[in-house]
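> Build me a model:
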Amino acid sequence: MSKTHCILIGAPVDCGKRRRGCLMGPDAYRTAGLAEAITALGHTVEDLGNLSPAQVNVAPHANPKVHALAENVGWTQTLMAAAQEAAPRGLPIFLGGDHALALGSVAGMAAHAASQDRPFFALWLDAHSDIHTPNTSDSGNLHGTPVGYVIGRDGFEAFPPLPARVDPGNICMIGLRSVDGAEHAALLDMNVDVVDMRVIDETGIRTPLAAFLDRVQAANGMLHVSLDVDFLDPGVAPAVGTTVPGGATVREGHLVMEMLCDSGLVTSLDLVELNPFLDDRGKTASLMVDLTASLLGRRVFDRPTRSHA
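A predicted model of the protein is given here:
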């Protein structure tokens with residue numbers, strides 16, 4: 001792939017759920033050699049360090065279960081601005097932090113795509129759909145709401161207004177295996193492209209991903225990838241507080257990243273839900289770094305043609 005300027009944005013978001021530990025994620029990626037892996041591939045790296053949430057005052061939500069609303073709103077504001085500042089200069093890589101960071105990263109990248117008059121697409125690699133809203137969440141954990149926010153569902157009145165709403169039909173979710181009834185109904189209603197683990201079992205992971213990438217390419221779209229640790233099977237990636245058995249294998253993960261690299265379509269990346277407190281000697285952090293390297297061109301052998309075509 002062409003040489004890329006990668007901008008690391010530390011987002012130690014730990015307020016999207018009640019189990020603590022994701023705030024250590026950005027530094028775990030650095031310790032696992034993320035910058036070194038990127039520069040070894042010939043790219044350049046700019047590390048913005050770890051950001052902090054904006055200080056905001058918000059009224060309590062009508063749903064009393066909603067957790068840390070003001071802090072989540074503050075992070076959304078900060079990361080939305082960071083995305084729009086970094087995107088014109090290179091490839092933003094958001095180092096989480098729990099998945100609530102995507103409230104800001106995706107909204108900001110969608111705004112950037114709109115400013116370029118290009119359609120915005122998102123690839124959601126996750127065991128969960130994250131399409132809840134503060135109104136519908138039984139847990140009140142807002143790391144389960146970023147998709148709901150960016151597609152413009154109700155219940156986010158405390159959050160910054162969306163500069164650009166994401167078309168639900170431009171979102172592809174791969175790896176789903178833990179979706180509740182309310183989320184299931186929302187996904188059907190919103191026409192999101194859903195690839196659950198049964199589909200992967202029956203067709204493999206290449207076929208649905210290739211079809212989605214063809215759509216992005218045909219539209220001249222900008223593609224944001226949001227990679228949740230729990231996309232992977234907990235046997236290979238234990239450092240996450242939301243483990244769901246039956247996830248993607250290491251090779252499936254690398255194939256996804258290799259196809260994304262070959263496509264040349266990715267314009268931004270989230271690495272989310274890494275909880276180093278739950279890791280086994282850095283196993284998960286190292287795997288996430290390896291997957292990022294595959295996305296940025298690491299190969300055993302170069303292929304002369306694009307593998308998703």
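> Alpha carbons of stretch 213-222, in PDB - could you do that?
Backbone C-alpha positions of stretch 213-222 (Å, rounded to 0.1, in the frame of the first residue of the first chain) are rendered in PDB as follows:
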ATOM      1  CA  LEU A 213     -15.900  -3.300   0.000                       C
ATOM      2  CA  ASP A 214     -17.200  -3.300  -3.600                       C
ATOM      3  CA  ARG A 215     -20.100  -1.100  -2.500                       C
ATOM      4  CA  VAL A 216     -17.700   1.400  -0.800                       C
ATOM      5  CA  GLN A 217     -15.400   1.500  -3.800                       C
ATOM      6  CA  ALA A 218     -18.300   2.000  -6.300                       C
ATOM      7  CA  ALA A 219     -19.500   5.000  -4.200                       C
ATOM      8  CA  ASN A 220     -16.000   6.500  -3.900                       C
ATOM      9  CA  GLY A 221     -16.700   6.300  -0.100                       C
ATOM     10  CA  MET A 222     -14.500   7.000   2.900                       C
END
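> buried residues in that stretch?
213, 216-217, 221-222 (16 or more other Cβ atoms under 10 Å). C-beta here means a position set from N, CA and C on the backbone, and glycine is covered the same way.
> Format those as CSV; extra columns: secondary structure.
As requested, those are arranged in CSV below (DSSP: H, G, I helix; E, B strand; the rest coil):
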residue, secondary structure
Leu213, helix
Val216, helix
Gln217, helix
Gly221, coil
Met222, strand
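> now for the longest helix belonging to the chain, which elements pack on it?
Using DSSP state H to define each element, the chain has its longest helix at helix 69-86. Contacts defined by 3 or more Cβ pairs under 8 Å, 6 or more residues apart in numbering; DSSP states H and E place helix 69-86 against strand 5-11, strand 91-96, helix 102-115.
> same thing but 10 Å
strand 5-11, strand 44-50, strand 91-96, helix 102-115, helix 146-150, strand 266-272 (3 or more Cβ pairs under 10 Å, 6 or more residues apart in numbering; DSSP states H and E).
> Give me whichever of these is most buried.
helix 146-150 (a mean of 29; mean count of other Cβ atoms under 10 Å).
> Show me which residues of the helix or strand just after that one are buried.
For helix 146-150, the following helix or strand on the C-terminal side (DSSP states H and E) is strand 171-176. Neighbour-count burial for strand 171-176 flags 171-176 (criterion: 16+ other Cβ under 10 Å).
> strand partners of strand 171-176, parallel vs antiparallel please.
strand 120-125 (parallel), strand 193-196 (parallel) (DSSP bridges).
> For that strand, give the mean pLDDT please.
What strand 171-176 shows for mean pLDDT is 98.
> Please apply the same query to stretch 133-152.
Stretch 133-152 comes out at a mean pLDDT of 96.
> then that stretch to CSV, C-alphas only?
Presented in CSV, the C-alpha positions along stretch 133-152 are these (Å, rounded to 0.1, in the frame of the first residue of the first chain):
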residue,chain,number,x,y,z
THR,A,133,-29.8,4.6,22.8
PRO,A,134,-29.7,6.0,26.3
ASN,A,135,-33.5,5.5,26.2
THR,A,136,-33.4,1.8,25.3
SER,A,137,-30.3,0.6,27.2
ASP,A,138,-31.2,-1.7,30.1
SER,A,139,-27.6,-1.5,31.4
GLY,A,140,-27.2,2.2,30.9
ASN,A,141,-23.7,1.5,29.6
LEU,A,142,-23.2,4.0,26.7
HIS,A,143,-20.4,1.9,25.0
GLY,A,144,-23.4,0.1,23.5
THR,A,145,-24.8,3.2,21.8
PRO,A,146,-22.4,4.7,19.3
VAL,A,147,-24.1,3.3,16.2
GLY,A,148,-27.5,4.5,17.6
TYR,A,149,-26.0,8.0,18.0
VAL,A,150,-24.3,8.4,14.6
ILE,A,151,-27.4,7.2,12.6
GLY,A,152,-29.5,9.7,14.4
